[in-house]
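A.B. asks: Task: produce atomic coordinates for the following.
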Amino acid sequence: MPGFSNLRAKKKEKNTGLLLPGEPEFLQLGILRKPHGISGEIFLEVLTDKPEHIISGGKYYIGESHLEKKIKAFRIINNGLLILFEGITCRDEVEEYRNSNLYILTSEIPDLPANEFYYHQIIGMTVVDEKNQMIGIVVDINKTKANDVYQIKRYDKNPEVILIPAIKSVIKKIDLENKKMIISMPEWE
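C.D. replies: This next block holds a predicted model:
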């Protein structure tokens, strides 16, 4: 079944020439936490399941002002990364980034293999059944050990959220270009 990458989306209002309309400009990779040592390293709490997006020499964006910085070096430590940004040489210089989000441009993330999608591509998709009857819209994704589960807000007046497992027997087609997902409703619905 489709694989997914959990990158948190952040929209920005200006037109940036992204591949698909409505895609966010920035995706959150993690949260910069506390400085480490005296050389300017800072701990990154990684929020993505694709930490390979974080590379030395890569351009990243810090905080709500999206300050552009390049990563000089990083190393893995305690379920996170210690990052050293270019131009930062001491603890005091990196302290100002404490508790700031670290972003990457959506346009700079690598393409995924066939039938794999980033979360930001799935959330917001229109969901229809195999007869093209509107069911709802994907509002969130729950990550479980077995498979992801989509939360679908119904189009009708029913306030309940439908939970759909992301498995082949349920998800029949994902059309990224039209932001549309075709599903076979499980029998319990």
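
A.B. asks: Phi and psi next, for the residue located most distally from the centre of the chain.
C.D. replies: Distance from the centre of the chain peaks at residue 38, with 31.5 Å (Cα atoms, centre = their mean). The phi/psi pair for residue 38 (degrees, to the nearest 10) reads phi -110, psi 0.

A.B. asks: ok, it - contacts?
C.D. replies: If a contact means Cβ atoms under 8 Å, 6 or more residues apart in numbering, then residue 38 has 90-91 as its contacts. (Each C-beta comes from the backbone N, C-alpha and C, glycine too.)

A.B. asks: likewise residue 85?
C.D. replies: 40, 42, 69-72, 94.

A.B. asks: count of residues packed around residue 63?
C.D. replies: Counted with other Cβ atoms under 10 Å, the burial measure for residue 63 works out to 14 neighbours.

A.B. asks: From residue 98, how far out is it?
C.D. replies: To residue 98, residue 63 is 10 Å away according to Cβ to Cβ, to the nearest Å.

A.B. asks: Residue 145 too?
C.D. replies: Separation of residue 145 from residue 98 (Cβ to Cβ) stands at 33 Å.
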